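Peer 1: Make a model of this:
(one chain, ligands or ions: 1)
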Amino acid sequence: MSFVTIGGITLHHRHLKATGNARAIIFINSLGTDFRIWDDIVSALDGEMSLLVYDKRGHGLSDIGEIKSIDDHVDDLSGLVDHFGLKKVVLCGLSVGGMIAQGLYARRPGIVEAMILCDTAHKIGTNESWNTRIAVVERKGIQAIADGVLKVWFTPAFHTSRVAELDGYWNMMTRQALAGYVGTCVAIRNADFTDAARRIEVPTLCVVGDQDGSTPPALVRSLAALIPGSRFEIIRDAGHIPCVEQPEALTALIRDFVASLAPGAENHG
Ligand SMILES: O=C(O)CC1=CCC(=O)O1
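Peer 2: Numbers count the residues shown, from 1 in each chain. Purely as a prediction, here's the structure:
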């Protein structure tokens, strides 16, 4: 296990460095998950690209810290980029992870070569939906909403055919620190990247599961419409977390997208 302390926050991470002409790609996980959601993608891409996965604060084995806004998560991601000496990175963010990616681009556009914005948006949910969720989990715990959230994370087919995994992801979600979960809900509620998305000037792939109940295809398509020149793709038979449910399809899209980038930014892993 690897840990690093940046700005007083200890972050759990895994860095797999590729040799030769490799790009660096950083994966940013979603609300209620830790970096193990990327395991299949990491296994598939290991050796082809330098890969960095980490538990964002308040999740997994990272410190909880204080989470007042997406900026707090951006601080950690920005610190990780510097800690690993990365000059240019490709960001792959899932859901709130995609907001954190948009936040890093808005703050430090020069270090972002490209972005893969996965099941995310410029604005996710409403004040009302987040306030309701926050009130329920503060009163009754994450387990009170877990069954409902799993319905948006995974398709009905996943629910019937991958029952043990479903149990495992229920455990993952409900074992996140309450303060980290609630803080990240507040951060998502207050985030709006609508204007920032219009200013994105790097190649961007927006991708979504066809059955995503949290950031549905129409919403992710509207994010793609804001980002000049972006590419939009739908993954079949996937809910909100295609890196778990359809990792081969997402890996193929990542490979294809990274291969389409202009040469020159490699060797920064
Ligand atoms: O937990 C959910 O409802 C799905 C989700 C929304 C933002 C995020 O990161 O995950």
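Peer 1: Quick one: residues in contact with the helix or strand hosting D195.
Peer 2: Secondary structure assignment for D195, by DSSP states H and E: helix 194-198. Here helix 194-198 makes contact (CB atoms under 8 Å, 6 or more residues apart in numbering) with Q102, G103, Y105, A106, H122, K123, L223, L226, I227, P228. (Each C-beta comes from the backbone N, C-alpha and C, glycine too.)
Peer 1: Redo these as a markdown table? Include pLDDT, neighbour count and distance to the ligand.
Peer 2: As requested, these are exported to a markdown table (pLDDT from 0 to 100; neighbours: other CB atoms under 10 Å; distance: CB to the nearest ligand atom, whole Å):
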| residue | pLDDT | neighbour count | distance to the ligand |
| --- | --- | --- | --- |
| Q102 | 98 | 28 | 13 |
| G103 | 98 | 25 | 13 |
| Y105 | 98 | 25 | 17 |
| A106 | 98 | 18 | 18 |
| H122 | 98 | 22 | 13 |
| K123 | 98 | 17 | 11 |
| L223 | 98 | 26 | 13 |
| L226 | 98 | 18 | 18 |
| I227 | 98 | 25 | 19 |
| P228 | 98 | 11 | 25 |
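Peer 1: hang on, the earlier thing: buried sites along the helix holding D195?
Peer 2: A196, A197 (16 or more other CB atoms under 10 Å).
Peer 1: what's the answer for stretch 244-253, then?
Peer 2: V244, E245, Q246, P247, A249, L250, T251, L253.
Peer 1: Just after the helix holding D195, pick out the following helix or strand.
Peer 2: Next along from helix 194-198, by DSSP H and E: strand 204-209.
Peer 1: ok, which residues in the protein are in contact with the ligand?
Peer 2: S30, L31, G32, S95, V96, I124, V149, V152, I188, S214, H240 (CB under 6 Å from any ligand atom).
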